[in-house]
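1. compute the structure for the input listed below.
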Amino acid sequence: MSEFRGINSGSASDEDSASEAGPGGRAGSAAGAGSAAGTGTAAEEPGSGPGPGRPRAGDGTARRRRTVVAVAVGALLLSGGGVAASAFVKSPAQVAADTAPPERDVLTAPVEQRVVTDTVVTRGTVTAAQSVPVTPVGASGEEVARQIVTKVKAKAGGTVRQGEVLLEVSARPLFVLKGAVPVYRDLKPGARGDDVAQVQKAFNGLGHSTGSDPKGTYGPGTQAAVRSFYRSIGYDPLEAEGGEEAVSAARTAEKAARRALEDLEAEGTGGRPLRYAREDLAEARQALTEAEAAAGPVVPASEVVFLKAFPARVDSLTAQPGSVPGERLMVLSAGELVVRGSLDSAQKGLVRRGQRVRILSEATGAEVTGRITTVSDTPGTPAAGGAGDGTGSEGEAGEGTAAQVSGFPYTVKPDKPLPPALASQDVRLTVEAAASEGKVLVVPVSAVSAGVDGTTVVTVYEKGQRRRVPVRTGTSGDGYVEVRPETADALAPGARVIVGVKPTTGAGG
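-> Just a heads-up that it's a prediction; the model follows:
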């Protein structure tokens, strides 16, 4: 057995030597084997030859080869496992780097030089400057069995001009004249006032002269104009009530006073009786003049509607034969188109009379400018000069709007007349609540900050460097604020100021 192990050992050594020495080594090994065989020792040793119980020399080589392959495969597996583990296992430093906040990048905006404005945006409706509900009180001056609408001449949506008859009430006309003073009384001969003056102006404008009557005095010339106008529209004017009777009585008294004076003069009576007779005659003649002046034609309050401007429009019409006076029979609108809107309580403090407004029709794209003319101090109440102002017998002012106003109503007058097609349209109103005086340096509000010492600054960003510029602020609006640098030329249009920071994607995803 010891000899077998040695052979095996020698064979192994020889094999290793052959492997290391190359072909020369292999030859030496073969010679050694031949020498051994020549001695005959191995051949004679039991079990030294080939057989079932004796291992062969090639078996060790195969085992060694299998071992090498197994080691190589194991090394390969270990290497792959290390690579895989490195993808999931990170050092503390790498973990901290991957979970750290991403680097910040600054957001900048340019410094601009322009007018800065603060605006209030609301909605409004295009309407006429004056909206008048017509509610006649019925015919006057004649005894009729019933006050009722007997004819309607106006048409819904139609145009009305000065002097036109709108309808008849108990066969008496209701017509329109130009004027701003609300009618509140019947105009009779001898009357004086602003309402008389506007009637005189209206009749003169229609070609019916009032003669030499003083302005605001209803004299003989105005009476003639009234008669002429009524004839032109196909009606007879109503006479002052009791006028003819008063004139007749005054004429009788004047005649009696005149004859009494003549009798005294014929008798040669002088002194006090004659003086008294002359005074009586003068008084009688004055009474006659007054009676004749008061006996002329009347312009009843029930027959006239005053509008501020013409042509006017019939916005709505409910009158029809059989309607009862006192009801709202129609609504007229007159004058240039304006825009009416309302403000909530927060907006009310920013809007005032005289401010500029941009009016935009989103339906047509048309945009015009205007100014605020009225702002109400009471919610739901149109301001003075609003809808319905200047109405006469047609009803109370302010009743002409289609719907009850909510908020604080205000009115915008366009700088140029609006086209009629915009009537009743809903439009957007942008009110310039505040504005700088000319062009100024402006930055976004977010660019301005205050230091611990209370200094207001903006931060200029140039080529990666930051520079703080102390400023004083002014007018603000629409997200921008006026800035004035404390040092001249420290800030110029086009410079970039920091308004914030933005996150960027980190390295670790």
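2. if you count contacts, what does the longest strand seen in the chain end up packed against?
-> If you go by DSSP state E, the chain has its longest strand at strand 117-134. Packing partners of strand 117-134 (3 or more Cβ pairs under 8 Å, 6 or more residues apart in numbering; DSSP states H and E): strand 304-307, strand 312-317, strand 330-343, strand 426-435, strand 465-477. Where C-beta positions appear, they are placed from N, C-alpha and C, glycine not excepted.
3. try it again at 7 Å.
-> strand 304-307, strand 330-343, strand 426-435, strand 465-477 (3 or more Cβ pairs under 7 Å, 6 or more residues apart in numbering; DSSP states H and E).
4. residues making contact with the last one?
-> So the one you mean is strand 465-477. If you take Cβ atoms under 7 Å, 6 or more residues apart in numbering as the criterion, strand 465-477 is touched by 116-119, 434-436, 440, 445, 448, 455-460, 481-486, 490-491.
5. ok, 6 Å please
-> Contact with strand 465-477 is made by 116-118, 434, 436, 455-460, 481-486, 490-491, as judged by Cβ atoms under 6 Å, 6 or more residues apart in numbering.
6. among the residues you listed, which ones are buried?
-> Neighbour-count burial (16 or more other Cβ atoms under 10 Å) applied to those gives 116-118, 436, 456-460, 481-483, 485, 491.
7. between those, which sits nearest Ser361?
-> Using Cβ to Cβ, Thr117 is the member of the buried ones among the contacts of strand 465-477 that lies nearest Ser361, at 21.2 Å.
8. now for that closest one: which residues touch it?
-> Thr117 neighbours (Cβ under 6 Å, 6+ apart): Glu432, Ala435, Gly477.
9. so in that sheet, which strands flank the longest strand of the chain, and in what orientation?
-> Strand 117-134 sits in its sheet next to strand 330-343 (antiparallel), strand 426-435 (antiparallel), going by DSSP bridges.
10. now the angle from the helix or strand following the last one to strand 465-477?
-> Using DSSP states H and E, the next helix or strand after strand 426-435 towards the C-terminus is strand 440-444. Going by axes from the mean of the first three to the mean of the last three Cα atoms, to 10 degrees, strand 440-444 is angled at 100 degrees with respect to strand 465-477.
11. name the helices or strands packed onto the next helix or strand after strand 440-444?
-> Scanning forward in sequence from strand 440-444 by DSSP H and E, the next helix or strand is strand 448-450. Here strand 448-450 touches no other helix or strand, going by 3 or more Cβ pairs under 6 Å, 6 or more residues apart in numbering; DSSP states H and E.
12. walking through this protein, point out its helices one by one.
-> For the chain, applying DSSP state H gives helices covering 2-21, 23-39, 41-44, 57-88, 92-99, 194-205, 220-233, 243-267, 272-294, 345-348.
13. residue ranges with poor pLDDT in this structure?
-> 1-61, 68-69, 71-91, 93-104, 138-145, 381-405, 503-509 (pLDDT under 70).
14. need the winner for burial among the helices and strands packed on strand 117-134.
-> By mean neighbour count, with neighbours taken as mean count of other Cβ atoms under 10 Å, strand 304-307 ranks first of the helices and strands packed on strand 117-134 at a mean of 24.
15. show me what it is packed up against.
-> Going by 3+ Cβ pairs under 6 Å, 6+ apart, strand 304-307 lies up against strand 172-178.
16. same for the strand it packs on, what does it pack against?
-> Using 3+ Cβ pairs under 6 Å, 6+ apart: strand 172-178 touches strand 165-169, strand 304-307.
17. partner strands of the longest one, with direction?
-> This means strand 165-169. strand 149-152 (antiparallel), strand 172-178 (antiparallel).
18. got CSV for the ones you listed, with mean neighbour count and distance to Val339 too?
-> Listed next are these as CSV, based on neighbours: other Cβ atoms under 10 Å; distance: least, Cβ to Cβ, whole Å:
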stretch, mean neighbour count, distance to Val339
strand 149-152, 17, 31
strand 172-178, 22, 24
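19. I'd like the ones you listed laid out as JSON lines, including distance to Pro414.
-> Listed next are these as JSON lines, based on distance: least, Cβ to Cβ, whole Å:
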{"stretch": "strand 149-152", "distance to Pro414": "33"}
{"stretch": "strand 172-178", "distance to Pro414": "22"}
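20. related to what we said a few turns ago, in CSV, list the helices and strands packed on strand 117-134 along with distance to Ala250.
-> Shown next, in CSV, are the helices and strands packed on strand 117-134 (distance: least, Cβ to Cβ, whole Å):
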stretch, distance to Ala250
strand 304-307, 29
strand 330-343, 42
strand 426-435, 62
strand 465-477, 74
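21. and Ser212, which of the strands paired with strand 117-134 is closest to it?
-> strand 330-343 (31.3 Å).
22. from Gly157, how far off is the residue lying closest to Val427 once chain neighbours are set aside?
-> Spatially, and ignoring its direct neighbours in sequence, Val427 is nearest to Ser361 (5.1 Å; Cβ to Cβ, 6 or more residues apart in numbering). Counting by Cβ to Cβ, to the nearest Å, the gap from Ser361 to Gly157 is 20 Å.
23. higher neighbour count, those two?
-> Set side by side, Ser361 and Gly157 show more neighbours around Ser361, with 18 against 10, by other Cβ atoms under 10 Å.
24. where's the more buried one relative to Gly370, distance?
-> Applying Cβ to Cβ to Ser361 and Gly370 gives a distance of 13 Å.
25. Val298 too?
-> As defined by Cβ to Cβ, Val298 lies at a distance of 42 Å from Gly370.
26. looking at those two, which is more packed in?
-> Val298 (23 against 20).
27. output stretch 127-135 as PDB, nothing but the C-alphas.
-> Extracted C-alpha coordinates of stretch 127-135, given in PDB (Å, rounded to 0.1, in the frame of the first residue of the first chain):
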ATOM      1  CA  THR A 127     -78.700 101.200 -20.500                       C
ATOM      2  CA  ALA A 128     -79.900 104.600 -21.500                       C
ATOM      3  CA  ALA A 129     -79.000 107.600 -19.400                       C
ATOM      4  CA  GLN A 130     -82.600 108.000 -18.400                       C
ATOM      5  CA  SER A 131     -85.200 105.300 -17.900                       C
ATOM      6  CA  VAL A 132     -88.800 106.500 -17.400                       C
ATOM      7  CA  PRO A 133     -91.900 104.500 -16.400                       C
ATOM      8  CA  VAL A 134     -95.000 106.000 -17.900                       C
ATOM      9  CA  THR A 135     -97.900 105.900 -15.500                       C
END
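28. Pro325 versus Pro136, what's the distance?
-> 5 Å.
29. between those two, what contacts are shared?
-> Val169.
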